[in-house]
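Q: What follows is a predicted protein model with its sequence.
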Amino acid sequence: MSETDLPELDALVVGAGFSGLYMLHRLRDTLGMSTVVLEAADDLGGTWYWNRYPGARCDSESYFYSFSDRLSEDLLEEWTWTERFAAQPEILRYLQHVAERFDLRRDIRFGTTVTAASWDDDAGRWLVTTADGDRYAARFLITAVGCLSTTNLPEFPGRDEFRGRSFHTGLWPHEGVDFTGQRVAVIGTGATGVQLIPEVAEEAAHVTVFQRTPNYDIAGGNHPVTAEFDRRIKDDYRDIWARTRDTAFGFPYDVADRTALSVPEDERQEIFEDAWAQGGFRLGTTFNDLLLDEDANETAAEFLRNKIRERVDDPEIAEMLAPKDHPFFTKRPPLENGYYETYNRDNVTLVDVRRSPIEAITPTGVRTADGEYEVDSIVYATGFDAMTGTLFKLGITGRDGLSLVDKWTEGTRTYLGIATHDFPNLFMITGPQSPSVLSNMPVSIEQHVDWVTDCLRHLRDQGIERIEPTAEAEEGWVAHHDEVTATTLLPRANSWWVGANIPGKHRTLYPYAGGVGVYRGICDDVAAKGYEGFTLS
Ligand code: FAD
Ligand code: N01
């Protein structure tokens, strides 16, 4: 079939995780648009399809790591979470349930990887190609490809000559892995490593953990959900969702209206202890300047270092685990359940690879400057080429053949993190320069999907075919994004939030730090002013 004969869809969505599922529902069922979702995996779920490593669970509390009353009040009533922080299988079951309930599967093409998407300016549509050579045409292209969906496998010399088994946590085998009796290397101590290491240590003969940067891990405090708690949450859902939409991070927790140094030392410690006992990210809400003021931040940082010192028997190992080179929360703090006690076990060794870097993977293990560690298996808990990595792999070209990769090489440029100049009729769900990964993501996903839905309804009602941000509006957003970033401590760490984990990646804060509530207000205002900053034609 020639390109001119391709049947034209109203919209094509890439990705079938939280974002793609909700986008499909809105496009098809709310707007009545012909829509297809293309998904590389064999099934839906996104993050929760791919990340099946031992210990994988969310660290947003389950009751708000889900779709809100925007999707369905009935769904909220009928679904019951079993744990405070749901494990991967339960989240995957939830998403499968959502897909069945809203009859979403029939418009999703699984096992279909998008490799190119080019804008045809004459026809005013996107032409999309898949790895199998199938082609689609659609007026609107919506990327729902996730912020953490392209794995980062470091190019260690000799990596592919390792004779044992190796795994990346983000591509974990569906049948599971039995580490019984094995010597296992784990490289990486981010949120993933912190969840996985205690589980593998229970099973393996020996675990050697290769740590480059220690993190400020916070106690998770996971526990089963009681029937009483479940009822209370369900009765309160409207208020809970309203709060998530208003707060800085999309959590229904209010940040205390006080600075850390405005209270005496003993009172501050009590406040930290209380937040610690509650578990989860509450510690980050104890004072309103932890991310803004270095001295304030240091009070929380030292509190967390002392927690590590209390729990790890060997003082030398405790100091290796206690971060000193970056402020608290300038890297994503993992939630842990018994992580630090793992280092009190006889079968766990911690190796500091900042002091003694990994030189090579050998056929039998991992070699650092200090010597070789022989292992049977290697687990790469080395994270993702976040935010832009997956978008770049879509092979997107806009007007006049401009590729997204070329446009963003010297720095990401978007309007509101949702669209970009020279790429008409393209929307990015949780794109860079939107709150995205600095938030409880379902809240940000819903906000983007709902905003795009309202925008497309407006275009239809007004008989408008094309929408594209102006270069000036984009420049303004990038400048605002950079200004907001500069008021925070976030650029101070070498985190994936700033692209520092990927050699050669442009360094910038990828998510928007202005807060979920503020950002929503800005987006609503743009819409209320007839999509100010966009050219509509
Ligand atoms: P994803 O779930 O990543 O889905 C994107 C989909 O796009 C994938 O299925 C992928 O296969 C598909 N895709 C990508 N490229 C292509 C292509 N070229 N062609 C076809 N299909 C493609 N967030 C929180 O807010 N709270 C948490 O507690 C939390 N826990 C997390 C735990 C882990 C282990 C990880 C990795 C992330 C976690 N996140 C958490 C972030 C999480 O990614 C989001 O919450 C959410 O699941 C993202 O949904 P999504 O649909 O936007 O993207
Ligand atoms: O990835 P990461 P992740 N040599 O990039 C190390 C979400 N998530 O998969 O810190 C040696 O955080 C790297 O070291 P350093 C959450 O948003 C959520 O753990 O760069 N080491 C780091 O220790 C999270 O932030 C949940 O110095 C190397 C680790 O590998 C995001 O996903 C659970 C290296 C990677 O940590 C990513 O987390 C899991 C090298 N060459 C994930 N390259 C929950 O909600 C990398 N490292 C519970």
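A: Alright, I've got the coordinates. Ligands and ions are numbered 1, 2, ... in the order given.

Q: Smallest gap between the stretch 51-200 of the chain and ligand 1, at which residue?
A: Among all residues of the stretch 51-200 of the chain, residue 146 sits closest to ligand 1, at 2.1 Å; criterion: CB to the nearest ligand atom. Quick note: C-beta positions are derived from backbone N, CA and C, even for glycine.

Q: Can you list the residue ranges for strands in the stretch 201-350 of the chain?
A: Along the stretch 201-350 of the chain, counting by DSSP state E, counting those that start in this stretch, strands occupy 206-211, 218-219, 335-336, 348-352.

Q: for those strands, which one sits closest to residue 139?
A: Across the strands of the stretch 201-350 of the chain, residue 139 has its closest neighbour in strand 335-336 (41.9 Å, CB to CB).

Q: hang on, the residue of the stretch 51-200 of the chain closest to ligand 1 packs against residue 46?
A: Yes. Residue 146 is within contact range of residue 46, at 5.4 Å (criterion: CB atoms under 8 Å).

Q: related to what we said a few turns ago, what score does the residue of the stretch 51-200 of the chain closest to ligand 1 have for pLDDT?
A: pLDDT for residue 146: 98.

Q: need the contact list for whichever residue of the stretch 351-500 of the chain sits closest to ligand 2.
A: Relative to ligand 2, the nearest point of the stretch 351-500 of the chain is residue 383 (2.5 Å; CB to the nearest ligand atom). If you count contacts by CB atoms under 8 Å, 6 or more residues apart in numbering, residue 383 has them with 148, 151-152, 170, 188, 190, 192, 496, 501.

Q: I'd like the distance between residue 201 and ligand 2.
A: Distance from residue 201 to ligand 2, counting by CB to the nearest ligand atom, to the nearest Å: 17 Å.

Q: roughly how far apart are that residue and residue 55?
A: According to CB to CB, to the nearest Å, residue 201 and residue 55 sit 10 Å apart.

Q: before we move on, back to that, can you tell me the closest non-neighbouring residue to the residue of the stretch 351-500 of the chain closest to ligand 2?
A: Distances taken as CB to CB, 6 or more residues apart in numbering place residue 152 nearest to residue 383, at 5.0 Å, with adjacent residues excluded.

Q: ok, the one you found to residue 26 distance?
A: Noted for residue 152: a distance of 32 Å to residue 26, by CB to CB.

Q: So between the two, which is more surrounded?
A: residue 26 (24 against 20; other CB atoms under 10 Å).

Q: Doesn't residue 68 belong to a strand?
A: No. Under DSSP: H, G, I helix; E, B strand; the rest coil, residue 68 sits outside any strand and is assigned coil.

Q: so what's the nearest residue to it once chain neighbours are set aside up against?
A: With CB to CB, 6+ apart as the criterion, residue 68 has its nearest non-adjacent residue at 4.3 Å, and that residue is residue 241. Taking CB under 8 Å, 6+ apart as the criterion, residue 241 is in contact with 64, 68-70, 252.

Q: Return the members of the residues you listed classed as buried.
A: Among the contacts of residue 241, the ones that count as buried by 16 or more other CB atoms under 10 Å are 64, 68, 70, 252.

Q: my read: the last one touches residue 238, true?
A: No. When contacts are counted by CB under 8 Å, residue 252 is not listed as touching residue 238 (11.3 Å).

Q: returning to that earlier point: let's see the pLDDT reported for the residue nearest to residue 68.
A: pLDDT for residue 241: 97.

Q: which SS state does residue 491 fall under?
A: Going by three-state DSSP: residue 491 is helix.

Q: Tell me, what's the model's pLDDT at it?
A: Note on residue 491: pLDDT of 95.

Q: same question, residue 1
A: At residue 1, the predicted lDDT confidence score is 66.

Q: So which of the contacts of residue 383 would count as near ligand 1 as well?
A: Among the contacts of residue 383, the ones lying near ligand 1 by CB under 6 Å from any ligand atom are 148, 192.

Q: sorry, back to before: neighbour count: residue 146 and residue 46, which is higher?
A: Neighbour totals were compared for residue 146 and residue 46, and residue 146 leads with 27 against 24 (other CB under 10 Å).

Q: The residue nearest to residue 383 contacts residue 499, correct?
A: No. The pair residue 152 / residue 499 is not scored as a contact, 10.8 Å apart, by CB under 8 Å.

Q: Show residues contacting stretch 271-289.
A: Contact with stretch 271-289 is made by 59, 61, 84-85, 218-222, 249, 251, 253-260, 263, 290-291, 296-297, 299-300, 303-304, 307, 329, 333, 335, as judged by CB under 8 Å, 6+ apart.

Q: ok, now with 7 Å
A: With contact meaning CB atoms under 7 Å, 6 or more residues apart in numbering, stretch 271-289 is reached by 59, 61, 218-221, 251, 253-260, 290, 296, 300, 303, 329, 335.

Q: Tell me the buried residues within the residues you listed.
A: Among the contacts of stretch 271-289, those buried by neighbour count (16+ other CB under 10 Å) are 59, 61, 218-221, 251, 253, 255, 260, 290, 296, 300, 303, 329, 335.

Q: Which of those fall in helices?
A: Per DSSP state H, helices hold the following members of the buried ones among the contacts of stretch 271-289: 296, 300, 303.

Q: Am I right that residue 209 is in contact with residue 197?
A: Yes. Taking contacts as CB atoms under 7 Å, residue 209 lies within contact range of residue 197: 5.9 Å.

Q: Are there residues contacting both of the two? Which ones?
A: Counting by CB under 7 Å, 6+ apart, the shared contacts of residue 209 and residue 197 are residue 186.

Q: Quick check: the gap between the nearest residue to residue 388 once chain neighbours are set aside and ligand 1.
A: The shortest distance from residue 388 to any non-neighbouring residue, by CB to CB, 6+ apart, is to residue 432 (5.9 Å). Between residue 432 and ligand 1 the computed distance is 13 Å (CB to the nearest ligand atom).

Q: Okay, and residue 432 sits in which element?
A: Here residue 432 sits in a region with no helix or strand, counting by DSSP states H and E.

Q: and it, how many neighbours?
A: Residue 432, neighbours per other CB under 10 Å, totals 25.

Q: So which residues on this protein come close to ligand 2?
A: For the chain, the residues in contact with ligand 2 (CB under 6 Å from any ligand atom) are 57-59, 148, 154, 187-193, 195, 212-213, 332, 335, 353, 358, 381-384, 437, 496, 501.

Q: Thank you kindly, that will do.
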